[in-house]
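Q: model the structure of this input:
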Amino acid sequence: MAAAANRVREADMRRKPLARYLDFRHRVESGDLRPETISEFIKAAACLDSELKAEAEEYVRQVKSAA
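A: Prediction:
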């Protein structure tokens with residue numbers, strides 16, 4: 001049941017770029033600094049706006065330096 005719910009959630013996020021961006025931002029804010037999470041966060045930001053991508057990259061740099 002949980003696996004099916006996760007698949008539905010992931011499919012929904014692919015259709016909704018803002019939801020995807022916010023999900024990955026939350027993951028990074030929560031301390032998930034794995035390379036794949038950071039990469040997906042920046043990709044999600046780039047899908048929305050090039051300026052937002054630059055802000056996301058700067059945010060990741062700040063989070064990494066604070067860690």
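
Q: and the longest helix for this structure?
A: Ranked by residue count and defined by DSSP state H, the top helix of the chain is helix 50-66.

Q: contacting residues around that helix?
A: Counting by Cβ atoms under 8 Å, 6 or more residues apart in numbering, helix 50-66 makes contact with 21, 25, 28-29, 33, 38, 41-42, 44-46, all of which sit outside it. Where C-beta positions appear, they are placed from N, C-alpha and C, glycine not excepted.

Q: narrow the residues you listed to those in strands?
A: Assigned to strands by DSSP state E, none of these qualify.

Q: backbone dihedrals for Ser30, please?
A: For Ser30, the backbone dihedrals (degrees, to the nearest 10) come out as phi -80, psi 0.

Q: actually Asp32, not the one I typed
A: Main-chain torsions, Asp32, degrees, to the nearest 10: phi -80, psi 90.

Q: what about Glu36, distance to Arg27?
A: 10 Å (Cβ to Cβ, to the nearest Å).

Q: name the residue closest to the centre of the chain, please.
A: Phe24 (2.2 Å; Cα atoms, centre = their mean).

Q: so what's it up against?
A: Taking Cβ under 8 Å, 6+ apart as the test, what Phe24 contacts is 37, 40-41, 44.

Q: show the pLDDT at it.
A: On the pLDDT scale, Phe24 is placed at 91.

Q: for the one 5 residues further on, same thing?
A: With respect to pLDDT, Glu29 has a value of 91.
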